[in-house]
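>>> please work out how this folds:
(2 chains)
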Amino acid sequence: MYRNKAMNRTRLLRWPESLLVLLIAVLLASCDALSDFGDMNVDPTQASTIDPGMQFSTVQLATAGSRYETWRVNLIYGEAIVQHLAHTWWAGDKYTFNEDWATSLWRTAYSGAGVSWRAAVKNIEDLKARLEEAKANGESVDNLLAAVRIWRVLIYHRITDTYGDTPYSEAGKGYLEGIFAPRYDPQQEIYMDMLKELEEAVAQFDPSQPTFGNADLVYGGDITKWKKFGNALMLRLAMRLVKVDPATAQQWAVRAINGGVMESNDDIVYMRHQTGPSTGPAGINTNANSEVFAVDVPRLSQTFVNWLKAHNDPRLPVLGAVIKDGQVITDPTEQKGMPNGYDANTIQNHPSWTGSLDDYSRVNPLLTGLDDPFFFVTYAQTALLRAEAAVRGWTSEDPATLYAEGVRAAMKQLSLYDASGAADIDDAAIDAYLAANPLSSDPDEALRQINEQYWAATFLDGIEAWANWRRSGYPVLEPAPVDDPNPYPGNVTNGQIPRRLTYPPSEGVLNAENYQEALSRQGLRGDPSDMAVPVWWDRQ
Amino acid sequence: MLPVPSWLSFGKIRAAWAQVGSDTDPYMLNLTYVLDNTSHLGQPLGYIGQNSVPLFNLKPTTTTETELGVNLEFLNNRLGLDLTWYRRETTDQILSTSISEASGFGARVINAGALRNQGVELLLRGTPLQTSQMFWNLSVNFAKNISKVLALAGDQTVLVLDQSRRQTAWITAEVGKPYGTIWGYRYLRDDQGRIVHDDSGLPMRDPERVVLGRGTPDWTAGFLSELGYRNLNVSLLIDVKWGGQLFSATNAYAYSVGLHKNTLKGRAECDAVADPINGYPSTGCMVGEGVNQQGQPNTVKVLPQAYYGRIASQIAEEFVYDANFIKLRELRIGYRIPDRWLMRTPLRSLTVALVGRNLAYLYNTVPNVDPESSYNNGNAQGLKLAGVPQTRSLGLSINARF
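The predicted structure is shown next:
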């Protein structure tokens, strides 16, 4: 046995050396073929490109929001700051600081943190870049690109209104341009660019080219409505500037109105939702506010309820309800708002306390369905802003008519919450209300009325309600805790109503240079007290 | 033949040089889109699902190692020594580094600079006692590794490897320093080292982040003692880890909710004025020790939850601990059934043993948490949060040979 093995070994060695060298050379040469990997690096389970329509639909839904950031910024901060809603543990009406909550919209919008990385900014920038490339290649994508540009402004204006200077021109381009630490553009530059973008986009629409069609979840691709939306958004942004730069505000407001803004509730920009299947904190199909209301029960604010009651507003039975012992009571005389700024202990010392939190009105179940709509920009808001432009003498339109139009539209739009008509407000009630509450001829009083109506018309859109309150000064809000001169302990704004939210501190590590520049440019310190510092358009 | 003394029974010198490349997960080169399972109003949904920017020309990591070692046995193999010195340089590491979320992504894949690890490993074995009935083996192993970040990608000097959920501490790789330093916020102090409080009476933090410690240990060691008497065998294993630090977010959360022993300080004053129904007065009751921003002693009354909550959410320094420990890793008592009892059975040998693992910490510098629990399973050691402690196990083992 051993001898044969020895003989086999020597037999191999008898091969001519040249043959062995040739064998080894052939093997080494074939290694070269390994440098071309072919399809090996292409992931077969993911798509390397997608239809722009799919991405646009997703971005629209992402902007409507998921429970994660909507709970934290739209409700806990926005709606409580502006005194639409109140809750015992929400930070917004106590002016306390919670880093996770305050930074959530920023992180979610830019990178999708908290919502499975399905970010609005990242995807809109990618979509815009791909469409611009397609256009450069001669494809007919003008309508798609124009819609994308308008939607992009919608996304960014909510971020900058809430946080101040923020990455804009360099944002979302980690992959596209390798920008890993984007610059924080000054808000003034952002606003000027957004207005320019809207103007150009509205002019870019071309009826002869294809549209997004049904992939556009908001308008189904209707170009006429998109143009009106673009101008309505332009009007909204223009009015933001009335404090800091009235001349520019006037210029752009007039431009927007002349370009043609919304004309009826048919033009409302809103997202229709479904009850599923994607639900929960990162859910995409459902109304984000309703997702919150399914697990958290805020109460209507005393400020809001008292205002509605003072004018016999027909909206109170539709917006609020007292739910006790399984009964849903919408009668305005039974409804009661909870004062802002109180926690579970201190609320019991307030004169309105009658023994239970359930005695206070909560959001009416008509508005808390998972498939209820979310309103972005409405005809009511547009009409009211036009009324304000008229009061200021920028246009020759009749403010009283526009005011009445706006109020009527705000009341009528509630029917979109319930197909069976339970949320409808009939014309007779609206006529009676308008007759009892006409627009004053005194300009200051008129501005107050217009913006109080705007406030009521933006119920559940905390981000917009807060922005308009800051730029207009109306309604006049008493800093919380209301009916109590002592500020809430632990508040970070010296008892004043917050004027912005703060950046994530990780920016100080990962984007240190730009972050520090943004802080010093705006007079911020990089700590929670920054919540009291107004943004650029919020200064006289 | 070299002349060697009679007490040197075995000797070997070895040297090695190696270079290897290593890869990473597949599909990290290109951007891909997610086709969502759900649709909305009948429309399909799709989006960029990656949170990490892919790198098209990603290179493999190259590691080059030089090793020198010596094995020596003395006194007829009653004493043995194994000593190794190594030096390992790793270049083009494939790392994920955190980037600004405003870029649309939270991280990107890079090939990063150069890292050097060098150190010694020592194993000392001895059999102090050996007779026909008894033996006693002892062995001690010791390892010390010194790491140094030689370079990072481009002209970057700091690479963030991981971030604590409290967003006050980070694990970083900084050029010129060991890999994995703990970097975070500390208290703002005046020239005399007193903590500065703000106008609401809460402690302030120094806006400048500093190195607070190192996530990797200075050295590790183990000690094994095995004692045998006839068929009985008792062995003991002790692990030692020394010289590193860790940041415990668990202790930080314990401060926020007032469960940490340190939060009792100041509560006595509050308990004295507490109302049985409403609790602590909302105007505050404890005074933080230190000065205010004008340099005068701090006198502002605050609530303990606000005070300790501020420390927990802003200061990392408070929660960085030395992570030294000595642990009784294993104790094993075994009995080998005498062969003559097995003569009628098909078994050749049968050993029964009681084994206990992770029995006790003989010395531990970290309060309240298990220093071996882990927060992540990546390269960034030194952060701890809500880690499940290691389980202590006691068992019986039976070993049979047929």
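>>> lowest-pLDDT helix or strand in chain B?
strand B:383-384 (a mean of 76; mean pLDDT, DSSP states H and E).
>>> got the buried residues for the helix or strand just after that strand?
Proceeding N to C from strand B:383-384, the next assigned helix or strand is strand B:393-401, under DSSP states H and E. When burial is assessed from 16 or more other Cβ atoms under 10 Å in any protein chain shown, strand B:393-401 yields no buried residues. From N, CA and C alone the C-beta is placed, and that goes for glycine too.
>>> stretch B:347-365 now?
Buried residues in stretch B:347-365, counted by 16+ other Cβ under 10 Å: B:350, B:353, B:356-359, B:364.
>>> do stretch B:232-242 as well
Neighbour-count burial for stretch B:232-242 [16+ other Cβ under 10 Å]: B:233-242.
>>> same question for stretch A:248-261.
By 16+ other Cβ under 10 Å, the buried positions in stretch A:248-261 come out as A:248-250, A:252-253, A:255-257, A:259, A:261.
>>> out of the buried residues of stretch B:347-365, who's nearest chain A?
Set against chain A, the nearest of the buried residues of stretch B:347-365 by Cβ to the nearest Cβ is B:Asn364 (30.8 Å).
>>> low pLDDT regions in the chain?
If you meant another chain, say so; for now it's chain A. A:1-15, A:28-36 (pLDDT under 70).
>>> wait, I meant chain B there
For chain B, applying pLDDT under 70 flags the ranges B:1, B:154-155, B:374-380.
>>> for the biggest strand by length in it, which helices and strands make contact with it?
Counting by DSSP state E, the longest strand found in chain B is strand B:107-130. Here strand B:107-130 touches strand B:52-53, strand B:79-98, strand B:134-151, going by 3 or more Cβ pairs under 8 Å, 6 or more residues apart in numbering or on different chains; DSSP states H and E.
>>> what pairs with it, parallel or antiparallel?
strand B:52-53 (parallel), strand B:79-98 (antiparallel), strand B:134-151 (antiparallel) (DSSP bridges).
>>> show me which residues of the second one are buried.
Just to be clear, that refers to strand B:79-98. For strand B:79-98, burial by neighbour count (16+ other Cβ under 10 Å) applies to B:79-80, B:82, B:84, B:86, B:88-98.
>>> give me the neighbour count for B:Ile171.
29 (other Cβ atoms under 10 Å in any protein chain shown).
>>> list the beta-bridge partners for it.
According to DSSP bridges, beta-bridge pairing links B:Ile171 with B:Asp162, B:Ile182.
>>> around chain B, pick out the residues from the stretch 101-250 of chain A.
A:106-107, A:110-113, A:116-119, A:121-123, A:125-126, A:166-167, A:171-175, A:178-182, A:214-215, A:217 (Cβ under 8 Å from any Cβ of the partner chain).
>>> 6 Å - rerun?
On the criterion Cβ under 6 Å from any Cβ of the partner chain, chain B has as its neighbours in the stretch 101-250 of chain A the residues A:107, A:110-111, A:117-118, A:121-123, A:126, A:167, A:171-172, A:174-175, A:179-182, A:214-215, A:217.
>>> quick one: which of those sit in helices?
Members of those lying in helices (criterion: DSSP state H): A:107, A:110-111, A:121-123, A:126.
>>> need the contact list for the single nearest residue of the stretch 301-402 of chain B relative to chain A.
Residue nearest to chain A within the stretch 301-402 of chain B: B:Ala306 (4.8 Å; Cβ to the nearest Cβ). Going by Cβ atoms under 6 Å, 6 or more residues apart in numbering or on different chains, B:Ala306 touches A:Gly490.
>>> and if you look at A:Trp71?
If you count contacts by Cβ under 6 Å, 6+ apart, then A:Trp71 has A:Val292 around it.
>>> for it, grab phi and psi.
phi -60, psi -50 (degrees, to the nearest 10).
>>> now swap in the one 4 residues further on and tell me
When quoted as degrees, to the nearest 10, the phi and psi of A:Leu75 stand at phi -100, psi -60.
>>> next, work out how far apart it and A:Leu308 are.
Per Cβ to Cβ, to the nearest Å, A:Leu75 is found 19 Å from A:Leu308.
>>> confirm A:Leu22 sits in a strand?
No - counting by DSSP: H, G, I helix; E, B strand; the rest coil, A:Leu22 is not found in a strand; it is helix.
>>> quickly note the distance from it to A:Pro16.
Distance from A:Leu22 to A:Pro16, by Cβ to Cβ: 9 Å.
>>> between those two, who's got more neighbours?
Taking neighbours as other Cβ under 10 Å, A:Leu22 and A:Pro16 compare with A:Leu22 leading, 11 against 8.
>>> looking at A:Leu75 and A:Leu308, which is more packed in?
A direct count of neighbours by other Cβ under 10 Å for A:Leu75 and A:Leu308 places A:Leu75 higher, at 26 against 23.
>>> element containing the residue of chain B positioned farthest from its centre?
Distance to the chain centre peaks in chain B at B:Arg344, reaching 51.9 Å (criterion: Cα atoms, centre = their mean). B:Arg344 belongs to no helix or strand when elements are defined using DSSP H and E.
>>> OK, contacts around it?
Contacts of B:Arg344 (Cβ under 6 Å, 6+ apart): none.
>>> got it, and A:Pro399?
A:Pro399 touches A:387, A:390-391, counting by Cβ under 6 Å, 6+ apart.
>>> re the thing from before, for the longest strand of chain B, the distance to its chain's centre please.
15 Å (Cα atoms, centre = their mean, to the nearest Å).
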